[in-house]
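In: show me how the following folds:
(one chain, ligands or ions: 1)
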Amino acid sequence: MIKEIKGLHHVTSMAADAQENNAFFTRTLGLRRVKKTVNFDAPEVYHLYYGDEVGTPGSVMTYFPFGQMPKGRRGTGEVGTTEFAVPQGALPYWRERLGHHGVTGLRDDSFLGEARLHFDGPDGDGFALVESTARGRSPWTGTEVPEEAAILGFHGARFSLRDAAATGELLRFMGYQEDETAEGVTRYRIEGGNGADTIDLEELKGAPTAGQGAGSVHHIAFAVENRDKQLEVRKALMDTGYQVTPVIDRDYFWAIYFRTPGGILFEVATNEPGFDRDEDTAHLGEALKLPERYEPHRARIEELLPPIGA
Ligand code: ZN
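Out: Numbers count the residues shown, from 1 in each chain. Down below sits the predicted model:
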């Protein structure tokens, strides 16, 4: 069994409009944009990263805003809900705030005793705020969201699956422990994680397979401390029969990817080197950062990218 996974690292989704996406995460949700860069395979598309002050692993929501793009079709084989942690008692503030900002899909419920507020992202993304304990995590305070309500990173994620058995087995192999089951949803939890510790598996047996588009999660990344641990994880996965990519340098972390039996693309990403690798903490996310191979084309790329504001 793998013991090196420390919870979530980041969640990467697709969006339509870059400016709308940036405004939603930085203004409405009050996250910090910690990096403004481009897609490694399509440099005319931004890769935007939002998180806490430094983009701590377990807090980072990232987006590829493709411009004109049909919305995704919700279904099985995808991350159905991405959950952010907020302090106890913060949900009334958020209900008011999200309503005021015209956010749709607001719905209250609870799961395993935790109060949740569901809401839609700009492209129908499935999100929820979950009241949780801070567990040593601090929010970004450079926004109008007061510190006592601000987002503390991810709480976890809920997967929508046709059959949860193989994904549950994989999570256990990755070091997650099976927790309670309620309403047909089974919670998995990692001990000694970074706070973004839970994965809930929901079986939707008769539902259609999800189709990816704007508002869909592209992949979900799990955190390991460093490259050595990542190589151990890679070997363990490959020894078990998973097809895992070679280690890929993503400038702010190293990444490996593999497709899971339930259809969701998993990544395992290193906590090193981090988002302050090429910018001062005070100015994270302000300048357009390009992968080295695109620097010679900076002028052309800047022309193609839509302005998104601070
Ligand atoms: Zn990723």
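In: so what's Ala214 up against?
Out: Counting by Cβ atoms under 8 Å, 6 or more residues apart in numbering, Ala214 touches 14-16, 66, 69-72, 123-124. Any C-beta I mention is one placed from the backbone N, CA and C, and that applies to glycine too.
In: kindly report the same for Pro139.
Out: When contacts are counted by Cβ under 8 Å, 6+ apart, Pro139 touches 30, 52, 145, 147, 150-152.
In: element containing Met61, please.
Out: Assigned by DSSP states H and E, Met61 belongs to strand 60-65.
In: can you put the contacts of Pro139 in a markdown table and add neighbour count, distance to Arg293 and pLDDT?
Out: Converted to a markdown table, these look like this (neighbours: other Cβ atoms under 10 Å; distance: Cβ to Cβ, whole Å; pLDDT from 0 to 100):
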| residue | neighbour count | distance to Arg293 | pLDDT |
| --- | --- | --- | --- |
| Gly30 | 21 | 34 | 98 |
| Asp52 | 21 | 29 | 98 |
| Val145 | 22 | 37 | 98 |
| Glu147 | 12 | 40 | 96 |
| Ala150 | 23 | 37 | 98 |
| Ile151 | 27 | 34 | 98 |
| Leu152 | 25 | 36 | 98 |
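In: and these, which is closest to the ion?
Out: Proximity of the contacts of Pro139 to the ion (Cβ to the ion) peaks at Asp52, which lies at 17.3 Å.
In: on that earlier part again, export the contacts of Pro139 to JSON lines and tack on secondary structure and distance to the ion?
Out: Formatted as JSON lines, those follow (DSSP: H, G, I helix; E, B strand; the rest coil; distance: Cβ to the ion, whole Å):
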{"residue": "Gly30", "secondary structure": "coil", "distance to the ion": "23"}
{"residue": "Asp52", "secondary structure": "coil", "distance to the ion": "17"}
{"residue": "Val145", "secondary structure": "coil", "distance to the ion": "25"}
{"residue": "Glu147", "secondary structure": "coil", "distance to the ion": "28"}
{"residue": "Ala150", "secondary structure": "coil", "distance to the ion": "24"}
{"residue": "Ile151", "secondary structure": "coil", "distance to the ion": "19"}
{"residue": "Leu152", "secondary structure": "coil", "distance to the ion": "21"}
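In: got JSON lines for these, with distance to Arg97 too?
Out: Putting the contacts of Pro139 into JSON lines (distance: Cβ to Cβ, whole Å) gives the following:
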{"residue": "Gly30", "distance to Arg97": "9"}
{"residue": "Asp52", "distance to Arg97": "18"}
{"residue": "Val145", "distance to Arg97": "7"}
{"residue": "Glu147", "distance to Arg97": "14"}
{"residue": "Ala150", "distance to Arg97": "11"}
{"residue": "Ile151", "distance to Arg97": "12"}
{"residue": "Leu152", "distance to Arg97": "16"}
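In: which residue ranges form the strands in the stretch 51-200 of the chain?
Out: Ranges of strands in the stretch 51-200 of the chain, per DSSP state E, counting those that start in this stretch, are 60-65, 78-87, 107-111, 114-120, 126-132, 154-161, 176-182, 185-190, 198-203.
In: nothing else from me, thank you.
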